[in-house]
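Colleague: Turn this into a structure:
(2 chains)
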Amino acid sequence: MATEPHLLFFILVFLASFGAGAVGSLIGVGGGIFVVPLLTLAFGLSIHEAAGASIVSVIATSSGAAAAYVRDRITNLRVGMFLEIATTLGALSGAFLATRVSPGLLFVVFGVVLLISALPLLVKIGEELPQNVKSDRYAKTLALAGSYPDAKLRREVSYEVSRVPAGFSMMYVAGLISGLLGIGSGVFKVLAMDTAMRLPMKVSTTTSNFMIGVTAAASAGIYFQRGYINPIVSAPVALGVLAGAMLGAKTISKLSNNTLRKVFIPFLIIIAVEMLVRGVPMLFH
Amino acid sequence: MQASPSEQRDRDRLIRQAELIISNVLRGGVLLSAGVILLGVVIFYARSAAGGHTLSDKPFPSSLAAVGHGLTVGDPLAIIALGLLILLATPVARVAVSIVAFALEGDRRYVVITTLVLLILLASFVLGKAGA
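Modeller: Residues are numbered from 1 along each chain as shown, chains lettered A, B, ... in the order given. Predicted structure coming up:
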């Protein structure tokens, strides 16, 4: 940004970030899909400054809402901490592979994978809580099953956790694409917990929210040292997202799991399309 | 291995305590960083309105040393950068404190799991620095 930063820039980025934080904190994603296009397309910032702001946005969405989600016992701390092994290892390997693989192909592959994974979610519309889930032996050993107070259903909901190895593997991939591509890590985390491990939707999105900050922190230091984190760009993003995430954390108790899934699906499709839009031109470059 | 009702109550209380510790670390980090960023923003735009610097003639700090130096001369960009660094460090602090929280809970498995996560995070900082 070569021109003098106007207060209007601050206000517009703050407002957009507020929306990103509010929606992102509900559905367990980082909000980069709103912030990055605004900064690059509307304000003409470099992709590096936008990527730095995106990392700030992910961490602010996570920390801003997770305090409330953990306090209100919606987040499954054990599931989150255990799966963070996979996501941080994935992020670390992604950072190593980043210079060795073509991002175009990866954007296309993961974009298609995300589009396909929308299908089982569409089938599940109308289902409030997962039925007939049995904890596998890993879930039993690690004491992953839990319960959360559902303000909408007005009762404590107990749940089991299935297919832990599949969930763990998907989390490694989520970390990998976070390290390689910088976007889409939250949606993969929600999918791993919702589709593979079959946690209730609220537990999946809030546990994803809890985890994305740590995955992003694995690359935040590098972004800072490379000068991607411009204070003038990142300040309104951080403040807006934090305020939005705190609002989102207050809103989730008013939503049913089914409504939350209906909010999640369009964003999953938008992120998939954004990946394809970025990846396909790279393939033919 | 069946826990007696009083053992179960004690265990629930310890789990609750661990949750509150983790929640408070997150909230503390968020409020502190937001306060520092806001302070830097107010100073920056106040000076900018008074006809001060523009971004083009003023590079922003991108190392801890540069942030530290900027703070000693009252550079608002360094104050914002400090706030952003506090925000970026909050998830790492949360992982570190979780180790203590699980230890208080007496859950050795999760002390090991969380320590492993912290080590991987630290490795990513060290290796990232080397690779950058």
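Colleague: Where does pLDDT dip in the chain?
Modeller: Chain wasn't specified; assuming chain A. Counting by pLDDT under 70, chain A has low-confidence residues at A:1-5, A:184.
Colleague: that answer is for a different chain, and I need it for chain B
Modeller: B:1-3, B:51-58, B:128-132.
Colleague: which element is the residue most central in space within chain B on?
Modeller: For chain B, the residue lying nearest the average C-alpha position, counting by Cα atoms, centre = their mean, turns out to be B:T90 (1.7 Å). B:T90 belongs to helix B:76-105 when elements are defined using DSSP states H and E.
Colleague: Same check on B:A123?
Modeller: Taking DSSP H and E as the definition, one finds B:A123 inside helix B:108-131.
Colleague: could you give the angle of that helix to helix B:76-105?
Modeller: Helix B:108-131 and helix B:76-105 meet at an angle of 150 degrees, taking axes from the mean of the first three to the mean of the last three Cα atoms, to 10 degrees as the criterion.
Colleague: which residues are in contact with helix B:108-131?
Modeller: By Cβ atoms under 8 Å, 6 or more residues apart in numbering or on different chains, the list of residues contacting helix B:108-131 from outside reads A:78, A:81-82, A:84-85, A:88-89, A:91-92, A:95-96, A:142-143, A:214, A:217-219, A:221-222, A:225, B:92, B:95-96, B:98-99, B:102-103. Glycine gets a C-beta too; all of them are placed from N, C-alpha and C.
Colleague: now for the host helix or strand of A:F9, which elements pack on it?
Modeller: Applying DSSP H and E as the criterion places A:F9 in helix A:7-27. Applying 3 or more Cβ pairs under 8 Å, 6 or more residues apart in numbering or on different chains; DSSP states H and E, one finds that helix A:7-27 makes contact with helix A:32-37, helix A:47-71, helix A:185-191, helix A:201-225, helix A:231-251, helix A:257-283, helix B:5-49.
Colleague: can you rerun that using 7 Å?
Modeller: Using 3 or more Cβ pairs under 7 Å, 6 or more residues apart in numbering or on different chains; DSSP states H and E as the contact criterion, the secondary-structure elements in contact with helix A:7-27 are helix A:32-37, helix A:47-71, helix A:201-225, helix A:231-251, helix A:257-283.
Colleague: Tabulate the ones you listed (a markdown table), appending distance to chain B and mean neighbour count.
Modeller: Putting those into a markdown table (distance: least, Cβ to the nearest Cβ, whole Å; neighbours: other Cβ atoms under 10 Å in any protein chain shown) gives the following:
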| stretch | distance to chain B | mean neighbour count |
| --- | --- | --- |
| helix A:32-37 | 14 | 23 |
| helix A:47-71 | 4 | 27 |
| helix A:201-225 | 4 | 27 |
| helix A:231-251 | 4 | 25 |
| helix A:257-283 | 21 | 17 |
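Colleague: Dump these into CSV; add distance to A:L15 as well.
Modeller: Listed next are the helices and strands packed on helix A:7-27 as CSV, based on distance: least, Cβ to Cβ, whole Å:
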stretch, distance to A:L15
helix A:32-37, 11
helix A:47-71, 14
helix A:201-225, 21
helix A:231-251, 7
helix A:257-283, 19
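Colleague: who wins for proximity to B:H69 among those helices?
Modeller: Distances from B:H69 to each of the helices and strands packed on helix A:7-27 were compared using Cβ to Cβ; the shortest belongs to helix A:231-251, at 14.6 Å.
Colleague: Report the buried residues of the helix holding B:A123.
Modeller: Buried positions in helix B:108-131, judged by neighbour count with 16 or more other Cβ atoms under 10 Å in any protein chain shown: B:110-111, B:113-118, B:120-121, B:124-125, B:128.
Colleague: number of nearby residues for A:L105?
Modeller: The number of residues packed around A:L105, counting by other Cβ atoms under 10 Å in any protein chain shown, is 12.
Colleague: residues contacting it?
Modeller: Contact criterion Cβ atoms under 7 Å, 6 or more residues apart in numbering or on different chains gives A:L283 as the residues in contact with A:L105.
Colleague: Distance check, it against chain B.
Modeller: When distances are taken as Cβ to the nearest Cβ, to the nearest Å, A:L105 and chain B turn out to be 22 Å apart.
Colleague: Can I get the helix or strand hosting that residue in CSV? Just the C-alpha atoms.
Modeller: Here A:L105 is covered by helix A:103-123, with elements defined by DSSP H and E. Taking Å, rounded to 0.1, in the frame of the first residue of the first chain, the C-alpha atoms of helix A:103-123 are listed here in CSV:
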residue,chain,number,x,y,z
PRO,A,103,0.3,-25.2,-5.8
GLY,A,104,-2.0,-25.2,-8.9
LEU,A,105,-2.5,-28.9,-8.8
LEU,A,106,-3.0,-28.9,-5.1
PHE,A,107,-5.6,-26.1,-5.3
VAL,A,108,-7.5,-28.1,-7.9
VAL,A,109,-7.2,-31.5,-6.1
PHE,A,110,-8.4,-30.1,-2.7
GLY,A,111,-11.1,-27.9,-4.4
VAL,A,112,-12.6,-31.0,-6.0
VAL,A,113,-12.3,-33.0,-2.7
LEU,A,114,-14.1,-30.3,-0.9
LEU,A,115,-16.9,-30.2,-3.5
ILE,A,116,-17.3,-33.9,-3.2
SER,A,117,-17.4,-33.7,0.6
ALA,A,118,-20.4,-31.3,0.4
LEU,A,119,-22.5,-34.3,-0.7
PRO,A,120,-22.6,-36.3,2.6
LEU,A,121,-23.4,-33.0,4.4
LEU,A,122,-26.4,-32.4,2.1
VAL,A,123,-27.7,-35.9,2.9
